[in-house]
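[1] Sequence and computational prediction follow.
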Amino acid sequence: MIVKTAEFVTSVADKNKIKNDLPEIAFVGRSNVGKSSFINCLTSRNKLAKASSEPGRTRLINYFAINSSFYFVDLPGYGFARVSDAEKDKWSEMIEGYLLNSKQLRNVFVIMDIRHPASELDKVMINFLNHYRIGFTVIATKTDKIKKSQLPRYVKALAESLYLTPSSVYPVSSETGEGKQKVLERMDYLLSLPPREE
C-alpha cells in the first residue's frame, strides 16, 4: 500500500454521530506508547495526528480519511493520563462502544512499547478483543530505543506476555520508519477482508 492522501475528518465522542460506509482500521494503546507518532509515520505526515509530551491528550474518537477509501480511527489512550476516574470511565465506555458497534471495523492495531512486557491494561484490551472476536494486530513501537541485536528478544518477551507467537507482533520505529512497510502490507490484506458478521 502507498498512502497518497491523508486528512483529518472529525472528532466525536459517540460513534453513532458519524455515518460511514468505508472500512476502518482502529488504533488503541496506552497513553504513552506513541500512537499519534505511529499514525504520522504510516501516512508520512508529521502533524496529521497531534502528538503531545503530555500523555492522554486524545480524548475523543478521531477519524482520518486515508486515500479517500478507508479510515484510520484513533481511540483515546488508556493508562497514565492525569484525569479523574470519572473521565477514565467515560473513555472506557467510548472505546468499548466503538469497538462493539462499528460495522466497518476491519482490525484493531493495539500499540505497545517494545521495551516493556504487556501491562495489565494491555492484557485487558487483548482479552476484550478475543472475547468479542474482534481481529487485532499487535504493533510494537519504539524499536529505535533498543539495539537491533536485541530486537528478537524483546519481540519474544512481548509476545509471550500476551500468549502470542513472535510472528504476530509487528515491530516498528516511528522515528526511522523501520517496519512500516510490513505494517502497510498487513493493512492491505486486512482491508481486503469482508465486514465482520453481526
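    Structure's in. What do you need? Remember, predicted model here, so these are calculated numbers, not experimental data.
[2] low pLDDT regions in the protein?
    15-17, 51-58, 79-91, 196-198 (pLDDT under 70).
[3] now with 90?
    Residues of the chain that meet the criterion pLDDT under 90 lie in 1-2, 10-21, 30-36, 45-61, 76-98, 101-103, 116-117, 119, 121, 192-198.
[4] can you pull out the helices in it?
    Under the criterion DSSP state H, the chain contains helices at 35-43, 85-101, 120-131, 151-161, 180-191.
[5] Out of those helices, flag the one nearest D74.
    helix 35-43 (6.2 Å; CB to CB). C-betas here are computed from N, CA, C, even on glycine.
[6] neighbouring contacts of that closest one?
    Outside of helix 35-43, the residues within contact range by CB atoms under 8 Å, 6 or more residues apart in numbering are 3, 6, 27-29, 46-52, 58, 64, 66, 72, 74, 77, 109, 111, 139, 141, 172, 174-175, 177, 180, 183-184.
[7] chain center to that helix: distance?
    10 Å (CA atoms, centre = their mean, to the nearest Å).
[8] what do you get for stretch 177-189?
    13 Å.
[9] Name the residues that touch that stretch?
    So stretch 177-189 is in contact with 1-3, 25, 41-42, 107, 137, 139, 143-144, 170-173, going by CB under 8 Å, 6+ apart.
[10] Now that we have those, which of them are buried?
    Neighbour counting with 16 or more other CB atoms under 10 Å marks I25, C41, L42, N107, T137, I139, T143, Y170, P171, V172, S173 as buried within those.
[11] I'd like those as CSV, with distance to A118 appended.
    Shown next, in CSV, are these (distance: CB to CB, whole Å):
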residue, distance to A118
I25, 21
C41, 22
L42, 22
N107, 18
T137, 14
I139, 12
T143, 16
Y170, 15
P171, 14
V172, 16
S173, 19
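[12] Next step: these restricted to strands.
    Using DSSP state E, the subset of these located in strands is I25, N107, T137, I139, Y170, P171.
[13] mind giving me CSV with those and columns for distance to M94?
    Shown next, in CSV, are those (distance: CB to CB, whole Å):
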residue, distance to M94
I25, 18
N107, 19
T137, 21
I139, 21
Y170, 26
P171, 29
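[14] and of those, the nearest to V155?
    Nearest to V155 among these is P171, at 5.7 Å by CB to CB.
[15] separation between that closest one and V183?
    P171 is 10 Å from V183, where distance means CB to CB, to the nearest Å.
[16] now do T165
    Distance from T165 to V183, by CB to CB: 17 Å.
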